[in-house]
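**Q** Need coordinates for the following:
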Amino acid sequence: MTTRRSTEDYAAMADEFEHESITPVGAPEVGAGAGIRLRDGRQVGRKTPGGNTPTTSVRLPASIRSRLDRQAGRESIRSGELIRKAVVEYLDRHGA
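**A** Predicted coordinates:
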């Protein structure tokens, strides 16, 4: 059941946000899906890890990113999936 908030509720929340600091309770969690709990106990970040796949960050010039996004759109897949396919194809071709 959802409770509607009043104008006064929103004003009080805005005042709290503007004048009180948000502090974590305890030490931050470490690892996949880690988050911190705010003072009111709400979880921040992912509740569960996204999987066992490690992430790798790559910087791409805007022109390459545009080409990547267009191709991913043509194939109806996400850019990350296209990148994975391209890396596998490259490694297969070069015997790695």
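**Q** What are the boundaries of the helices in the protein?
**A** In the chain, the segments counted as helices under DSSP state H are 7-19, 62-75, 79-93.
**Q** so which of those gets nearest Thr56?
**A** In terms of CB to CB, the element of those nearest to Thr56 is helix 79-93, at 9.2 Å. For the C-beta atoms, the positions are set from N, CA and C on the backbone; glycine is no exception.
**Q** I'd like the average pLDDT over that closest one.
**A** Mean pLDDT, helix 79-93: 92.
**Q** between it and helix 62-75, how many degrees?
**A** 100 degrees (axes from the mean of the first three to the mean of the last three CA atoms, to 10 degrees).
**Q** just to revisit the earlier point, columns mean neighbour count on top of the helices of the chain, output as TSV?
**A** Below are the helices of the chain laid out as TSV (neighbours: other CB atoms under 10 Å):
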stretch	mean neighbour count
helix 7-19	9
helix 62-75	12
helix 79-93	12
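**Q** Mind checking the ones you listed for the one nearest to Asn52?
**A** Across those (criterion: CB to CB), the nearest stretch is helix 79-93, sitting at 14.6 Å.
**Q** Outside of the closest one itself, list whatever touches it.
**A** 58, 68-69, 71-72, 75, 96 (CB atoms under 8 Å, 6 or more residues apart in numbering).
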